[in-house]
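# Fold the stuff below for me.
(3 chains)
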Amino acid sequence: MPQYWLMKSEPDEVSIDDALAAPDATVAWTGVRNYQARNFMRDGMKVGDGVLFYHSSCPEPGIAGIARVASGIQPDPTQFDPKSPYYDAGAKKEDPRWLLVDVQALRKTRLLALPELRAKPELADLVILRKGNRLSITPVEPAHWKVIEKMLA
DNA sequence: GCCAACGTTGGC
DNA sequence: GCCAACGTTGGC
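Here you go, the predicted structure:
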């Protein structure tokens, strides 16, 4: 049973175009620094799961592409890099605190911007649309995935 | 730049 | 374990 996820990326850092241009269209999802989001990766994600590639903190936030989970979890190397903005002085090599998965972009879609998503009553419970939600990785219910696929068809 | 809504930290 | 203060996220 495939699972579905929504993963936020700031297009200034990694946009859907950047991901598609990467080798194998695959990028390591570095920089997750929230335990709940990390636990979704650790406890819920499987290779092949569907991913909605979401652009956040940009002029037009919204779903910008479709991707898939392309690897199991691995330690996020940026936690050990003092020069990285994601450096975590408290993380130990033998017991990594932060994890990542590889994400393979499958295709760029037309931008499904927030107002369009909010206009769909069927998506009212989509986690990303709920008030105050800030999680960078959230599960997406199969029914929601279907609605979004239909919007993109 | 503002600010609401969270998450984290640290004193007690 | 509580909770105030602080930091961050992210849409607008």
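
# All the strands of chain A, residue numbers only.
A:4-9, A:26-28, A:50-55, A:62-69, A:74-75, A:99-100, A:102-113, A:137-140 (DSSP state E).

# how long is stretch A:7-22 end to end?
Using Cα to Cα, to the nearest Å, the end-to-end distance of stretch A:7-22 comes to 17 Å.

# Any part of that stretch near DNA strand B?
No: Stretch A:7-22 lies out of reach of DNA strand B by Cβ under 7 Å from any atom of the strand, never closer than 12.8 Å. For the C-beta atoms, the positions are set from N, CA and C on the backbone; glycine is no exception.

# Name the residues that touch that stretch?
Here stretch A:7-22 makes contact (Cβ atoms under 8 Å, 6 or more residues apart in numbering) with A:25-27, A:29, A:31, A:51-58, A:64-65, A:67, A:103-105, A:107-108, A:128, A:136-137.

# Emit the PyMOL select command for whichever of the residues you listed are buried.
The PyMOL selection below is limited to those of the contacts of stretch A:7-22 classed as buried (16 or more other Cβ atoms under 10 Å):
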select buried, chain A and resi 25+26+27+29+31+51+52+53+54+55+64+65+67+103+104+105+128+136+137
